[in-house]
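Chemist: Return atomic coordinates for the entry below.
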Amino acid sequence: MVAAMNVTDYESAKACGAYVLVRAASGATITVRIVNECPWPCAPGQLDLSRQAFAKLADLSVGRLPITWSLLSPDLPGTIAVRYKTGSTKWWCGIQVIGHRNPVAALEVRTADGWRRLPRTDYNYFLSADGTGCGGALRITDIYGERLTVDGIAVQPDVAQPTGIQFARH
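Modeler: Model prediction:
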C-alpha cells in the first residue's frame, strides 16, 4: 500500500516515508506510504498509487481516478530505524531514517562543536560528505518540531538498525 507523490508535494524527498489518507469520489479511503516521486505528468496534488492501493479504490481498468489526500500520523507498530547507505564508512556516509510516524524534517549529527545538520538528497539519504558524525549520535526532527536523539548506531551499510524511539502522534 504505497504511492509516489508529485514533484511539488514531494519536495525533494521531504515527503518520503509520510503516510497519507487517500479518498476517492466514491468515498472509499485507503492509507498509503509515500515511497518515491512520481514521474511526469504527475501534477500537484496527484499521487501514483501502487496497483494494490489503486485496486482498493477502483477497478484497475479506470486508469486515472480523481482523489484527495491528507497527511496522517498513524499508530505504527515498532520504532524508527536508521540505515547507512552502501559504501558508508567513518569518512563518508549516507544516513536514511525509516519507519517514522511523521515526515522527517531534519537529521543532525553530533560534532565536537555541537549539532550539524546534514543535507538531504532527492533519494532520501542525509549525507555527511566528510564523515563527521558517522557512527555517532543522531538527532532526528519531524515536521512538527519534535526532536529525538539516538546514539550507538554503528556504521553498518544496508542494515536497518532499530533505534527504540518513535515520534508522537499528531
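Chemist: can you count the residues close to L138?
Modeler: 25 (other Cβ atoms under 10 Å). C-beta coordinates here come from the backbone N, C-alpha and C atoms, glycine included.
Chemist: Distance of it relative to V155?
Modeler: Here L138 is placed at a distance of 12 Å from V155 (Cβ to Cβ, to the nearest Å).
Chemist: repeat for T141
Modeler: From T141 to V155 the distance is 21 Å (Cβ to Cβ).
Chemist: Also F126?
Modeler: Noted for F126: a distance of 14 Å to V155, by Cβ to Cβ.
Chemist: Looking at the two, which has the bigger crowd around it?
Modeler: Using other Cβ under 10 Å as the criterion, F126 and V155 rank with F126 on top: 24 against 18.
Chemist: For the residue sitting furthest away from the middle of the chain, grab phi and psi.
Modeler: Distance from the C-alpha centroid of the chain, by Cα atoms, centre = their mean, peaks at S61 (29.9 Å). Note on S61: backbone dihedrals following degrees, to the nearest 10 are phi -70, psi -20.
Chemist: all strands for this protein, in order.
Modeler: Counting by DSSP state E, the segments of the chain that form strands are 2-5, 19-24, 29-37, 47-49, 67-72, 81-84, 93-98, 104-111, 114-117, 126-128, 138-142, 147-150, 161-162.
Chemist: Distance to E11 and mean pLDDT for the ones you listed - can I get that in a markdown table?
Modeler: Below are those laid out as a markdown table (distance: least, Cβ to Cβ, whole Å; pLDDT from 0 to 100):
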| stretch | distance to E11 | mean pLDDT |
| --- | --- | --- |
| strand 2-5 | 9 | 97 |
| strand 19-24 | 14 | 98 |
| strand 29-37 | 9 | 97 |
| strand 47-49 | 14 | 97 |
| strand 67-72 | 12 | 97 |
| strand 81-84 | 21 | 98 |
| strand 93-98 | 16 | 98 |
| strand 104-111 | 11 | 97 |
| strand 114-117 | 16 | 98 |
| strand 126-128 | 15 | 98 |
| strand 138-142 | 15 | 98 |
| strand 147-150 | 20 | 98 |
| strand 161-162 | 26 | 96 |
